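[1] Quick one, fold the following:
(2 chains)
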Amino acid sequence: MNATLACVLALAAGTYVFRLAGPVLHGRVELPARMQELLTVGATVLLVALLATGAFTEGQGFAGWARPAGVLVGGVLAWRRAPFAVVVVGAAAATALLRLAGVQ
Amino acid sequence: MRSSHRTDDPTRRTNGGEYQGEGEGEGEESCSGLVHVSHLPPGVLRDIALVWLADAVVGVPFGAIAVAGGLPVWVPVLMSLLVYAGSAQFSAVGILTAGGGPVAAAATGLLLNSRTAAFSLALADDLGRSWTARLIGAHLITDETAAFVLAQSGARQRRAAFWISGIGLFAAWNLSVLAGALAGSALGDTDRFGLDAAFPAVLLALVLPALRADSAARRASAAGAVIAVVAAPLLPAGVPVLLALLGLLAARRDPRRPRTATSGSAS
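    Down below sits the predicted model:
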């Protein structure tokens, strides 16, 4: 089997198992509050690490300034509670314009 | 995703009409009656529809980025149908296209999705009682559906919020990913359009509410981000992000130990 397909199927199966936990246990078991906190904070940490590496790195190297600058624009828009679509389009547009202006 | 944001857009209201058919089709026959859009408090459907739209706006670049990164069209499409979790899909595709390997991609995605177990426990009673409803409903558990359900009080409202937001999100996400994947091969180099900045920006928008609300999450995330960025040039793709979990040590030292609301969490 193709390795990429195996990756997709493993991720799908594992994710479905996570999602079945509740219906199977039918609300009889509750995670300890500390555990829930840790899961939530852990998910946030993972996402922030993803966005930081995604903003600054490309492969093993630096992604250039246009991308983190665009992400920053998106972040400011999100901070000012702009609608989600505006955040996405704003970040992409800022990066595209910087590249058009010659900034890598 | 933010369920609480209020962007006035009265045009979204029209979605009510087309929704009923889908909702009834999914409702289970056995116990507690059919899900109907009228079970939702006023205004909730508009918020839900806005999140459908937001997810569709994210789905298009997801499909486009995956294909532009060299993956065949079926990878993002199949992933969206079977995995159905935006951030895990983005990270898996990011690792695959960066040459990080399928094991790192699946492991990172699974770690990211482990939080759905917590949501699943929180939502267990809201899917319905029949096993058909539970088995299908489980697949629709996302941060967004969890946020909408937890914002409702009353069993009927919660169930309606779950199925209506869940089915619509599933449709919006998969259709937009398909569109993006098909367009991506025609677009060529998506960097020209700055789409490579869209994904980190999406994540930033998703985690911002959690970061605003929770100082422990802020400290842990800052530490984790520094660890990941410093490690990125040295380690294979995927590993730096996992290493970021060491940032949790910074959260543990918080003397105030703030409570985290499940509903306001990051995607």
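
[2] can we go C-alpha only for contacts and neighbour counts from here?
    Will do.

[3] what about residue B:100, is that helix, strand or coil?
    Secondary structure, DSSP: H, G, I helix; E, B strand; the rest coil: residue B:100 is coil.

[4] what's around it, how many residues?
    Counted with other C-alpha atoms under 10 Å in any protein chain shown, the neighbours of residue B:100 add up to 19.

[5] Residue B:191 too?
    17.

[6] Wasn't it part of a helix?
    Yes: under three-state DSSP, residue B:191 falls within a helix.

[7] Span of stretch B:232-251 from start to end?
    Counting by C-alpha to C-alpha, to the nearest Å, you get 22 Å between the two ends of stretch B:232-251.

[8] For that stretch, which residues meet the burial criterion?
    B:232-233, B:236-248, B:250-251 (16 or more other C-alpha atoms under 10 Å in any protein chain shown).

[9] quick one: contacts for residue A:55?
    A:63, A:67, A:68, A:71, B:197, B:200 (C-alpha atoms under 8 Å, 6 or more residues apart in numbering or on different chains).

[10] could you pick out which of the buried residues of stretch B:232-251 are near chain A?
    By C-alpha under 8 Å from any C-alpha of the partner chain, the members of those lying near chain A are B:232, B:233, B:236, B:237, B:241, B:242, B:244, B:245, B:247, B:248.

[11] Show only the entries of those found in strands.
    Among these, none falls in strands (DSSP state E).

[12] now those in TSV, with pLDDT?
    Shown next, in TSV, are those (pLDDT from 0 to 100):
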residue	pLDDT
B:232	90
B:233	91
B:236	75
B:237	68
B:241	81
B:242	81
B:244	89
B:245	87
B:247	92
B:248	89
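
[13] Tell me which residue in chain A sits closest to chain B.
    residue A:22 (3.8 Å; C-alpha to the nearest C-alpha).

[14] C-terminal to the biggest helix by length in chain B, what's the next element?
    Assignment by DSSP state H gives helix B:155-187 as the longest helix of chain B. Following helix B:155-187 in sequence order, the next helix or strand is helix B:195-213 (DSSP states H and E).

[15] Please identify which of the ones next to chain A among the buried residues of stretch B:232-251 is nearest to residue B:76.
    If you rank those by distance to residue B:76 using C-alpha to C-alpha, residue B:237 comes first, at 19.0 Å.

[16] Leaving out the residues flanking it, which one is nearest to the residue in chain B that chain A sits nearest to?
    Residue nearest to chain A within chain B (C-alpha to the nearest C-alpha): residue B:121, separated by 3.8 Å. Nearest residue to residue B:121 in three dimensions, chain neighbours excluded: residue A:22, at 3.8 Å (C-alpha to C-alpha, 6 or more residues apart in numbering or on different chains).

[17] any residues touching the helix or strand harbouring that neighbour, and which ones?
    Taking DSSP H and E as the definition, one finds residue A:22 inside helix A:3-25. Residues outside helix A:3-25 that contact it (C-alpha under 8 Å, 6+ apart): B:75, B:78-79, B:82-84, B:102-103, B:105-107, B:109-110, B:113-125, B:127, B:134-135, B:138-139, B:141.
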